[in-house]
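Q: fold the stuff below for me.
(one chain, ligands or ions: 1)
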Amino acid sequence: MGDFNQSVILEAIRRSGEGLSRIELADATGLSAQTVTNITRRLLEDGLITEAGRTINGPGKPRITLRLVADSRFSIGIHLDPAVITFVLLDLTGSVVRRRVVRTPAKDPRRIVDVMAQAVDILIADAGVARDDVAGIGVAAPGPLNAAKGTVIDPPKLHGWHRVPLRAVLAEATGFDVTLEKDTTAAAVGELWTGHGPADDSFLFVYLGTGIGAALVRDGDPARGSTRNFGEIGHIIVDPDGPSCLCGMRGCVEVVCTPQAIVEQAERAGVFVDDREGSDVEAVEARFTLLCERAASGDEPALQVLRRAAEHLTVLIAALTNVLDVDRVVLGGPFWSRLAEVYLAEIPTLLDRLSATKAVHTLPVDGTVVGDDVGAVGAACVVLDSVLTPRASDLYLEE
Ligand SMILES: [Zn+2]
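A: Numbering: from 1, shown residues only. The predicted structure follows:
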């Protein structure tokens, strides 16, 4: 039980932000004073926590506040996206110490892994961190994944990638333990870590990347699914009259809600006068940015396209929240900040109309608190999670 109790204590200290005394820790965790004393002694010796100050509360001995030592452990998060790869170095409290973004090299997986390994070295050197203090690397990648084998199966727009054993190859190239997580799940973990919600927070995270994905946090724990592929929602139908999809149906999320689909709708609506040059990720992204800029400056046709997109996304969100019955909805991912203004103006009212529980509560809809790096930050948090956070599954193993 030792390691489980240790992670219970570390998690309680982390969540408190300001730190906790031993007595507060015993109250917060339900562990005995003796257990708290023993474990905190070990954590002090290991340098993971420190005695940060004394508070005197009435008579008796002053209470010593225990806090995490932010620079005692670090983790690295990598978000693999078809356009760019984002790298972050996080300290033990989950704060971003260093960040780096590189263009994704064309298609060749070997080249991409080399670029990743090089960027990891630079990140560590720039931060002046000892390699031994880095707990590992978390990689957020588009699903579906084969988590057992550590392979990315067929990431969209990365056609050279077919069942690339990313976890093993990157571990070999860097010498670090590598954890592979779906970008959507990683994003939800990042939100959970950074958001300071209640310990039993339950939310749906809707991830707006090159593809659209969903993740679920239930009672403070991310749901991963039997094969760690929770949230493959690309072929849920949101517009029965929408364009036909490769899957054989019409109006799926993938052909209606993705940035590429939204750009195509804008082109059909005549938002742009000239034809798009190329159909690659970069050309689509450039047009998408332009569309959002036009909408922000009050261009009515551009606004109409984004409002329609918000409507379609709300059909998806309502289908999911009606099944999952969560406290709130969080939107995020690399395309989020450009959509935030229009989507936050449209989605809450539309969602309320479609919500099965509208008589019980109004579902709050918020943008992520993490920002556009939520995938990379979340992947790094997954690694910190394995250092700090108690899991019911760990408890079972040790019983
Ligand atoms: Zn489809």
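Q: so who does Asp133 touch?
A: Applying CB atoms under 8 Å, 6 or more residues apart in numbering, we find Asp133 in contact with Asp71, Ser72, Arg73, Phe74. Heads up, the C-betas are built off the backbone N, CA and C, glycines and all.
Q: so where's this protein shaky on pLDDT?
A: 1-2, 57, 107, 156, 389-399 (pLDDT under 70).
Q: about what we covered before: in strands, which of the contacts of Asp133 fall?
A: Counted as lying in strands by DSSP state E, out of the contacts of Asp133, are Phe74.
Q: okay, the contacts of Asp133 in JSON lines with distance to the ion and neighbour count next?
A: Converted to JSON lines, those look like this (distance: CB to the ion, whole Å; neighbours: other CB atoms under 10 Å):
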{"residue": "Asp71", "distance to the ion": "47", "neighbour count": "17"}
{"residue": "Ser72", "distance to the ion": "47", "neighbour count": "16"}
{"residue": "Arg73", "distance to the ion": "43", "neighbour count": "24"}
{"residue": "Phe74", "distance to the ion": "41", "neighbour count": "25"}
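Q: give me the neighbour count for the residue of the stretch 251-399 of the chain found nearest the ion.
A: Nearest residue of the stretch 251-399 of the chain to the ion, counting by CB to the ion: Cys252, 3.1 Å away. Residues near Cys252, counting by other CB atoms under 10 Å, number 26.
Q: again with Gly17
A: Gly17: 11 surrounding residues under other CB under 10 Å.
Q: quick check: which element contains the residue nearest to it when sequence neighbours are not counted?
A: Nearest residue to Gly17 in three dimensions, chain neighbours excluded: His196, at 7.3 Å (CB to CB, 6 or more residues apart in numbering). Following DSSP states H and E, there is no helix or strand that holds His196.
Q: against the ion, how distant is His196?
A: His196 sits 37 Å away from the ion, taking CB to the ion, to the nearest Å as the criterion.
Q: that residue and Glu18 touch, don't they?
A: No. Using CB atoms under 8 Å, His196 is not in contact with Glu18, being 11.7 Å away.
Q: pretty sure Leu351 sits in a helix.
A: Yes. Under DSSP: H, G, I helix; E, B strand; the rest coil, Leu351 falls within a helix.
Q: show me the contacts for the nearest residue to it once chain neighbours are set aside.
A: Nearest non-adjacent residue to Leu351, counting by CB to CB, 6+ apart: Thr314, 5.3 Å away. Counting by CB under 8 Å, 6+ apart, Thr314 makes contact with Glu346, Ile347, Leu350, Leu351, Leu354.
Q: buried among those? Make that a PyMOL selection.
A: Restricted to buried positions by 16 or more other CB atoms under 10 Å, the PyMOL selection for the contacts of Thr314 reads:
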select buried, resi 346+347+350+351
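Q: who in the protein is up against the ion?
A: In this structure, the chain approaches the ion at residues His235, Cys245, Cys247, Met249, Cys252, judged by CB under 5 Å from the ion.
Q: mind running it again at 6 Å?
A: His235, Cys245, Cys247, Met249, Cys252, Glu254 (CB under 6 Å from the ion).
Q: correct me if wrong: Glu191 contacts Gly220.
A: No. The pair Glu191 and Gly220 does not pass the contact test of CB under 8 Å, sitting 11.6 Å apart.
Q: who's more crowded, the two?
A: Glu191 (26 against 15).
Q: roughly how far does that one sit from the ion?
A: Relative to the ion, and taking CB to the ion, Glu191 is found at 27 Å.
Q: could I have the helix or strand encompassing that residue exported to CSV, CA atoms only?
A: Taking DSSP H and E as the definition, one finds Glu191 inside helix 183-194. The C-alpha coordinates for helix 183-194 follow below in CSV (Å, rounded to 0.1, in the frame of the first residue of the first chain):
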residue,chain,number,x,y,z
ASP,A,183,-4.6,13.6,-28.2
THR,A,184,-8.2,14.0,-27.0
THR,A,185,-7.6,12.1,-23.8
ALA,A,186,-4.4,13.9,-23.2
ALA,A,187,-6.2,17.3,-23.6
ALA,A,188,-8.8,16.3,-21.0
VAL,A,189,-6.0,15.3,-18.6
GLY,A,190,-4.3,18.6,-19.2
GLU,A,191,-7.6,20.4,-18.4
LEU,A,192,-8.1,18.3,-15.3
TRP,A,193,-4.6,19.2,-14.0
THR,A,194,-4.7,22.9,-14.8
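Q: continuing past it, what's the next helix or strand?
A: Following helix 183-194 in sequence, per DSSP H and E, is strand 203-208.
Q: what lines up beside that following strand in the sheet?
A: Using DSSP bridges, the strands paired with strand 203-208 are strand 212-218 (antiparallel), strand 328-332 (parallel).
Q: can you list these in a markdown table and add distance to Arg308 and mean neighbour count?
A: Below are these laid out as a markdown table (distance: least, CB to CB, whole Å; neighbours: other CB atoms under 10 Å):
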| stretch | distance to Arg308 | mean neighbour count |
| --- | --- | --- |
| strand 212-218 | 15 | 24 |
| strand 328-332 | 17 | 24 |
